[in-house]
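S.K.: Got a predicted structure plus its sequence, pasted below:
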Amino acid sequence: MTSYKYKYDKKERLIKKTDSLDGLVYTDTHYYENDKHENIISQNSDLDYFNHKYKRYNKDKKLIRLKSFDDYGTIDEYIYKYNSEGKLLYRIYKNPNSWRKSGERSWSYGVQDSIGNIYKDLVNNYDEKNRLIQRQRFDLYEDDENHKDPKLVENTFYKYDKNNNLILTKHINGYIKVKPTFNHSKYDKKNRLIKRYCCSEKESDAKRIEKYEYSNNEITSLEYTEESWPSNEMKTYQVNFEYKYDDKGNWNEIIKKVDGKKLYKWIRQIEYYK
């Protein structure tokens with residue numbers, strides 16, 4: 001069974017996450033300073049894995065800068081810009097990688113120098129209700145033939161119902177020429193997600209269908225149907241969630257069962273202060 005364990009401080013901030021998968025243990029430890037700075041150390045000693053992330057927040061607790069340091073000291077840096085309503089407008093990527101001509105007809109992509117490239121890798125557009133209606137993502141690796149400008153690699157459009165629930169997502173892949181993919185969502189009168197299907201425009205051609213049931217606003221069961229490979233036949237799985245609660249009424253353990261078999265466990269430790 002895969003196990004996830006979370007620990008929070010008195011400000012309800014995550015301070016430690018532990019993932020146990022097939023005998024391997026991954027840990028993320030979070031360190032905070034003045035609600036403006038966060039350092040995250042991710043590691044797995046058995047695999048000799050290490051990663052350090054630094055996050056900086058503004059006075060509204062919005063993420064404005066992210067730095068990621070890998071095992072080799074390479075730094076990926078992102079800067080976030082918001083509109084007057086606090087919604088993300090775009091993200092600037094300080095990409096440590098760049099293209100360099102390595103032969104008459106060949107190029108190499110990687111860390112070539114200390115300069116790298118700076119560009120907007122994510123751009124959002126909103127409607128008059130400040131709802132996200134379009135997201136574009138750009139990538140330098142899949143750039144133009146002259147290896148100068150980033151290429152539009154993802155273009156996603158969003159549609160909402162009268163209650164502002166997301167009901168349709170249309171995704172256009174810029175990496176390869178394929179048909180757009182669609183995600184449809186349906187909600188009940190309490191605005192709870194009850195059905196979702198993907199990836200065609202019509203439900204009759206769907207490759208994946210999810211149906212949800214609730215109790216006290218918590219998901220208790222999920223009927224998950226997907227197209228299997230290589231038969232292309234639709235196969236259905238029954239997923240159930242079992243909850244345990246502490247004496248304050250907050251859940252501290254969730255077990256996920258698939259077709260009656262326990263496969264995942266989430267554990268949450270909450271420290272209460274007087």
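M.R.: Nice, thanks for sending it over. None of the values given here were measured: they were computed from a predicted structure.

S.K.: so which helix or strand takes in the closest residue to residue 163 other than its chain neighbours?
M.R.: In this structure, residue 163 finds its nearest non-sequential neighbour in residue 191, 5.6 Å apart by Cβ to Cβ, 6 or more residues apart in numbering. The way it works is simple: take the backbone N, C-alpha and C, and place the C-beta from them, glycine included. Using DSSP states H and E, residue 191 sits within no helix or strand.

S.K.: Could you report the neighbour count for residue 191?
M.R.: 10 (other Cβ atoms under 10 Å).

S.K.: my read: it touches residue 165, true?
M.R.: Yes - using Cβ atoms under 8 Å as the test, residue 191 is close enough to residue 165 to be in contact (5.8 Å).

S.K.: low pLDDT regions in the stretch 1-150 of the chain?
M.R.: Judged by pLDDT under 70, the stretch 1-150 of the chain has its weakly predicted residues at 142-146.

S.K.: give me that answer again for 80
M.R.: 1, 22, 101-106, 113-115, 141-148 (pLDDT under 80).

S.K.: what about stretch 166-183, how long is it end to end?
M.R.: End-to-end distance for stretch 166-183: 10 Å, by Cα to Cα, to the nearest Å.

S.K.: Off-centre distance for it?
M.R.: Centroid displacement of stretch 166-183 relative to its chain, using Cα atoms, centre = their mean, to the nearest Å, is 17 Å.

S.K.: Pull out the buried residues from it.
M.R.: 166, 167, 169, 181, 182, 183 (16 or more other Cβ atoms under 10 Å).

S.K.: Who does the first one form a beta bridge with?
M.R.: Translated: residue 166. For residue 166, the beta-bridge partners are residue 160 (DSSP bridges).

S.K.: so it touches residue 160, yeah?
M.R.: Yes - at 5.8 Å, residue 166 counts as touching residue 160 under the criterion of Cβ under 8 Å.

S.K.: sec struct for residue 47, please.
M.R.: Under DSSP: H, G, I helix; E, B strand; the rest coil, the three-state class of residue 47 is coil.

S.K.: burial of it, as a residue count?
M.R.: 10.

S.K.: can you give me the strands in the stretch 101-250 of the chain?
M.R.: 107-110, 117-126, 132-139, 151-160, 166-173, 181-187, 193-199, 208-215, 218-227, 234-245 (DSSP state E, counting those that start in this stretch).

S.K.: For residue 58, which of these is the nearest?
M.R.: Ranking the strands of the stretch 101-250 of the chain by their distance to residue 58 (criterion: Cβ to Cβ) puts strand 117-126 first, at 17.5 Å.

S.K.: Next, the buried residues of that closest one.
M.R.: 117, 120, 121, 122, 124, 126.

S.K.: what do you get for stretch 207-215?
M.R.: Under 16+ other Cβ under 10 Å, the buried positions of stretch 207-215 are 209, 210, 211, 212.

S.K.: now, which of those residues sits nearest residue 231?
M.R.: Using Cβ to Cβ, the buried residues of stretch 207-215 come closest to residue 231 at residue 209, 16.9 Å.

S.K.: Report how far apart the opening and closing residues of stretch 81-95 are.
M.R.: End to end - Cα to Cα - stretch 81-95 spans 17 Å.
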